[in-house]
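# Quick check, what structure comes out for this input:
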Amino acid sequence: MKRSFQIKAMSFFLCAFLASTIAFAQTEAKPLASPRDSVSGTVAGANITIWYGSPSVKGRKVFGGLEPYGKVYRAGANEATTFTTDKAILVEGKPLPAGTYAFFVIPQEKGQWTVIFNKTAKQWGAYKYDESKDALRVMVTPKETAMHERLVYLINQKGFSMDWDKLSIPVTITANPAM
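A predicted model of the protein is given here:
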């Protein structure tokens, strides 16, 4: 009788374990708050790829609020945004060798923003950003644009832009005649 009770108890716990495993397996994964995305294209003869996390505005004040003015911003969410070019290019007239870079911006309330291509491509956000590892820094002028709920990168014939909220941050790319 004691043995029969032990077998029933073990059977009960085994069934409960299996049922809970199946129940947890059936729950749907929640969509990511800032899903990863990428965009690729050819600009000035170079193949460009930008890989980024795409956060949403969600009614928040983005620049000067969520992302403070005057501080390095990872230009996306979670991992730092990466920018890859398979050929040497000119960015805003300055040379950038072929390679993969972390891409950052420094927003400003008024005037030009700093755009940064950092040699440490794989990093989480901008928490360990090291200015001494910058491959290139250039200045760009933001433009007002239509509302973009999600941060998005767009590649065009003149370069690319980071568009989020009501701002577009255009970056000009041209061919590097030295290459």
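# Mind telling me what element the most centrally placed residue in the chain is part of?
Taking Cα atoms, centre = their mean as the criterion, Tyr52 is the residue nearest the geometric centre of the chain, at 2.4 Å. Following DSSP states H and E, one finds Tyr52 within strand 46-53.
# So Ser132: helix, strand or coil?
What DSSP: H, G, I helix; E, B strand; the rest coil gives for Ser132 is helix.
# what about it, neighbour count?
Neighbour count of Ser132, defined by other Cβ atoms under 10 Å: 6. All C-beta atoms are positioned from the backbone trio N, CA, C, and that covers glycine.
# what does Leu32 give?
12.
# and what of Lys87?
Neighbour tally, Lys87, other Cβ under 10 Å: 17.
# Could you give the bridge partners of the spatially closest residue to it that is not a sequence neighbour?
Spatially, and ignoring its direct neighbours in sequence, Lys87 is nearest to Ala46 (3.9 Å; Cβ to Cβ, 6 or more residues apart in numbering). Counting by DSSP bridges, Ala46 is bridged to Val43.
# contacting residues around Ala46?
By Cβ atoms under 8 Å, 6 or more residues apart in numbering, Ala46 lies in contact with Thr85, Asp86, Lys87, Ala88, Ile89, Ala98, Ile173, Ala175.
# So it versus Ser168, what's the distance?
Ala46 sits 21 Å away from Ser168, taking Cβ to Cβ, to the nearest Å as the criterion.
# ditto for Pro31
Distance from Pro31 to Ser168, by Cβ to Cβ: 26 Å.
# Neighbour count for the two, which is higher?
For Pro31 versus Ser168, the count of surrounding residues by other Cβ under 10 Å is larger for Ser168: 17 against 6.
# Could you list the low-pLDDT ranges of the protein?
For the chain, the stretches with pLDDT under 70 are 1-30, 179.
# Could you pull out the helices in it for me?
2-26 (DSSP state H).
# Walking through it, point out its strands one by one.
Per DSSP state E, the chain carries strands over the ranges 36-43, 46-53, 81-85, 89-91, 94-96, 99-106, 113-118, 134-140, 143-156, 159-175.
# Using CSV, lay out those strands together with distance to Arg74.
Formatted as CSV, the strands of the chain follow (distance: least, Cβ to Cβ, whole Å):
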stretch, distance to Arg74
strand 36-43, 13
strand 46-53, 8
strand 81-85, 6
strand 89-91, 18
strand 94-96, 19
strand 99-106, 6
strand 113-118, 10
strand 134-140, 14
strand 143-156, 11
strand 159-175, 11
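# closest to Lys71 out of those?
For Lys71, the closest of the strands of the chain is strand 99-106, at 6.8 Å, according to Cβ to Cβ.
# got the buried residues for that closest one?
Buried residues in strand 99-106, counted by 16 or more other Cβ atoms under 10 Å: Thr100, Tyr101, Ala102, Phe103, Phe104, Val105, Ile106.
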